[in-house]
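Asker: Got a predicted structure here, sequence first:
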Amino acid sequence: MTETWQHDRLLVDGELVPASDGGTYETIDPSSGKVLGLAADATVADARRAVAAARRAFDTTTWATDVGLRTRCLRQLHQTLADHQEALRELVVAEVGSPV
């Protein structure tokens, strides 16, 4: 893994937003000390906002009753994970500082 990544926003209520206090943190490879990337550092308020948005979506949309929609979303997630399997494996291995 040679490049660093930056995901300094959170997905809340369908939008990518910074942490409410602007906080971020570096993800470090413990075996080398190398910075792997930067991530948004969610606060308790951010988590509460995300949970409230999820609850609102559950209560006010067809998500709870539309099996077809949920199936499509899960299949899309599965395909995306499969398409990026190698990169995800490399990242997880680096995050724990373990050789393959």
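Answerer: Yep, it's here.
Asker: rest of the way, CA atoms for contacts and neighbours
Answerer: OK.
Asker: next one: stretch 88-100 to chain centre, how far?
Answerer: Relative to the centre of its chain, stretch 88-100 is centred 17 Å away, using CA atoms, centre = their mean, to the nearest Å.
Asker: and if you look at stretch 14-33?
Answerer: With CA atoms, centre = their mean, you get 10 Å for stretch 14-33.
Asker: One more: stretch 43-51?
Answerer: Centre to centre, stretch against its chain (CA atoms, centre = their mean), the figure for stretch 43-51 is 14 Å.
Asker: just the CA coordinates of that stretch, formatted as PDB?
Answerer: Provided in PDB are the C-alpha atoms of stretch 43-51 (Å, rounded to 0.1, in the frame of the first residue of the first chain):
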ATOM      1  CA  THR A  43     -18.500  13.200  18.000                       C
ATOM      2  CA  VAL A  44     -21.300  11.900  20.200                       C
ATOM      3  CA  ALA A  45     -23.400  14.600  18.600                       C
ATOM      4  CA  ASP A  46     -22.600  13.300  15.100                       C
ATOM      5  CA  ALA A  47     -23.600   9.800  16.100                       C
ATOM      6  CA  ARG A  48     -26.800  11.000  17.600                       C
ATOM      7  CA  ARG A  49     -27.500  13.000  14.400                       C
ATOM      8  CA  ALA A  50     -26.800   9.900  12.300                       C
ATOM      9  CA  VAL A  51     -29.100   7.700  14.500                       C
END
